[in-house]
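A.B. asks: Show me the folded form of this:
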Amino acid sequence: MFRYDQVCIHGAQLAYLLSTLSTASSQVEGFILGTIEQSHTVTTPTDHNAASSRSSEDSSPPSTTEKLLSATVHEFVITGRCCSFYDRGGRVDLRRVQHLLVGQTALIGWFRYRREAPLSLGVREREVHTRLEAYYGVIESRVVVPLLA
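C.D. replies: A predicted model of the protein is given here:
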């Protein structure tokens, strides 16, 4: 299992993104570009009841291992309107994504800004997220993260 331990972003980049989103007249989408590094691994013990049901020959307690990731945001690419790189069904147009990201650093996330909308993923956003993960080969690390504001 992976989770983010920390996310680093330069203040000017965050201010630019927030300013752009606050002045947008409609929905805005884009990509988050940067780097991901594994900071460390944490092993935590699991439920005690599970440990008592195991054989007495194995003396090590059961545990869960998590790899903690550190994300550094380098820049944002604002793609514009809704469905700028996918269709209404959530199918990603990979040629459009590659065109939007020409010469850019690694994709670590994407975002969609909607005013006065619930902060939850819809069916289409889940499909886009899944397809971006599958294409960029980062399914296990959950690197591509949707950000809804």
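A.B. asks: Could you check how far the longest helix anywhere in the chain is from the centre of its chain?
C.D. replies: Looking across the chain with DSSP state H, the single longest helix is helix 123-136. Taking CA atoms, centre = their mean, to the nearest Å, one finds helix 123-136 lying 10 Å from the centre of the chain it belongs to.
A.B. asks: same question, stretch 68-79
C.D. replies: Centroid separation for stretch 68-79 versus its chain: 9 Å, with CA atoms, centre = their mean.
A.B. asks: Report the mean per-residue pLDDT for it.
C.D. replies: Mean per-residue pLDDT for stretch 68-79: 84.
A.B. asks: Buried ones in that stretch, by neighbour count?
C.D. replies: Leu69, Ala71, Val73, His74, Glu75, Phe76, Val77, Ile78, Thr79 (16 or more other CB atoms under 10 Å). For every residue, glycine as well, the C-beta is placed using N, CA and C.
A.B. asks: quick revisit: show me which residues of the longest helix of the chain are buried.
C.D. replies: Arg124, Glu125, Glu127, Val128, His129, Arg131, Leu132, Glu133.
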